[in-house]
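Engineer: Below: sequence and its predicted model.
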Amino acid sequence: QVQLVESGGGLVQAGGSLRLSCAASGSIFSIDSMGWYRQTPGKTRELVATITRRGSTNYADSVKGRFTISRDNAKGTLYLQMNSLKPEDTAVYYCNVRYISGGAAWGQGTQVTVSS
């Protein structure tokens, strides 16, 4: 099992940038894929981006070309570089990991607010 702590959220103007981090502790070598999801009130949590242990990435169409996901396997850290932010990117962003053996874990979330 791992524990996840997100950081880097905040308030930014439209067109600005933020970098989210997710630090995993515990059995980090049990982690397979990692990802970022986001959720706004009244809506279901949606995928933003994922990255496999080998570095293959997948992005939601809404963030392609603006967001970049990366990870440091040795440190068990996940990142999300968010550029050209839009008001519709406002949400709570959650870090997710999936274990090699199956199952998943979530972080507590970090708020990102983009003002117009």
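Structural biologist: That came in fine, so what should we check first?
Engineer: and the residue nearest the centre of the chain, what are its bridge partners?
Structural biologist: When C-alpha atoms, centre = their mean is applied to the chain, the residue found nearest the centroid is residue 36 (2.6 Å). Judged by DSSP bridges, the bridge partners of residue 36 are residue 49, residue 95.
Engineer: I figured it hits residue 70, correct?
Structural biologist: No: with contact defined as C-beta atoms under 8 Å, residue 36 does not reach residue 70; the gap is 10.9 Å. Quick note: C-beta positions are derived from backbone N, CA and C, even for glycine.
Engineer: Please identify every residue contacting each of those two.
Structural biologist: residue 78 (C-beta atoms under 8 Å, 6 or more residues apart in numbering).
Engineer: ok, residue 86 - contacts?
Structural biologist: 14, 114.
Engineer: Once you drop chain neighbours, what's closest to residue 104?
Structural biologist: Distance criterion C-beta to C-beta, 6 or more residues apart in numbering; nearest residue to residue 104, sequence neighbours excluded, is residue 98 at 4.9 Å.
Engineer: Repeat that for residue 7.
Structural biologist: Using C-beta to C-beta, 6+ apart, the closest residue to residue 7 is residue 21 (5.1 Å).
Engineer: who's in contact with stretch 52-62?
Structural biologist: 31-33, 46-51, 67, 69, 71, 73, 88.
Engineer: Ends of it, what's the gap?
Structural biologist: When the termini of stretch 52-62 are compared using C-alpha to C-alpha, to the nearest Å, they are 20 Å apart.
Engineer: Renumber starting at 482 from here on
Structural biologist: In the new count, where the first residue is 482, that last one comes out as stretch 533-543.
Engineer: now it: mean pLDDT?
Structural biologist: In this model, stretch 533-543 has a mean pLDDT of 96.
Engineer: ok, back up a step: may I have the helix or strand where the residue nearest to residue 585 lies as PDB, with CA atoms only?
Structural biologist: Taking DSSP states H and E as the criterion, residue 579 maps to strand 572-580. Written as PDB, here are the backbone C-alpha positions of strand 572-580 (Å, rounded to 0.1, in the frame of the first residue of the first chain):
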ATOM      1  CA  ALA A 572     -11.600  21.400 -10.300                       C
ATOM      2  CA  VAL A 573     -10.200  19.300  -7.500                       C
ATOM      3  CA  TYR A 574      -7.300  17.300  -9.000                       C
ATOM      4  CA  TYR A 575      -6.700  13.800  -7.600                       C
ATOM      5  CA  CYS A 576      -3.700  11.600  -7.900                       C
ATOM      6  CA  ASN A 577      -4.300   7.900  -8.600                       C
ATOM      7  CA  VAL A 578      -2.100   4.900  -8.600                       C
ATOM      8  CA  ARG A 579      -2.800   1.300  -9.700                       C
ATOM      9  CA  TYR A 580      -0.900  -1.500  -8.200                       C
END
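Engineer: Alright, I will stop here.
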